[in-house]
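Visitor: I would like the atomic coordinates for the input below:
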Amino acid sequence: MFGIPGKQAVTMTPAAIAQIAKLMAKDGHEGLRIGVKKGGCAGMEYTMDYVSEVDPLDEVVEQDGARVMIAPMAQMFLFGTEIDYEVSLLEAGFKFRNPNVADACGCGESIKFKDVEELAAERDA
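Guide: Alright, predicted model coming up:
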């Protein structure tokens, strides 16, 4: 695991906890797996998928009945991220407040991360 012992890789706001727990209960999912993939105008995009079973390599974060799994390749990019769920007049969805993001596109769907060396240095500081 990439994280710091005793510290969760990500945290969730009460709104995110409520939405994730609701999604888990709806179809009996084990939680949501969060990852990153190449794509979008800034280079990377977040992914979220329903999980029916936990991968032993995932980092599992549980908070008040909500469970997210962090895919192994995403752990260092998501460390320190706060997951929120926001509802506005035009849209509703999960929002990621990620200190590891160096840049984002105007639509907010695509991100660019800091260099791996910079991430490692910040984690170890």
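Visitor: for Q75, phi and psi?
Guide: Here the main-chain torsion angles of Q75 (degrees, to the nearest 10) amount to phi -60, psi -40.
Visitor: Next: the one 5 residues further on.
Guide: Reported as degrees, to the nearest 10, the phi and psi values for G80 are phi 90, psi 0.
Visitor: wait, it sits on N98?
Guide: Yes - applying CB atoms under 8 Å, one finds G80 in contact with N98, separated by 7.2 Å. Any C-beta I mention is one placed from the backbone N, CA and C, and that applies to glycine too.
Visitor: Now do the strands in the protein.
Guide: 10-12, 31-38, 44-51, 59-63, 66-70, 81-87, 92-97, 101-104, 111-113 (DSSP state E).
Visitor: Could you report the pLDDT at V51?
Guide: We have a pLDDT of 89 for V51.
Visitor: who does the spatially most central residue of the chain bridge with?
Guide: Using CA atoms, centre = their mean, the residue of the chain that lies closest to the mean C-alpha position is I34, 4.9 Å off. The residues paired with I34 through beta bridges, assigned by DSSP bridges, are M48, I70.
Visitor: so where's the longest helix in the chain?
Guide: In the chain, taking DSSP state H as the definition, the longest helix is helix 14-27.
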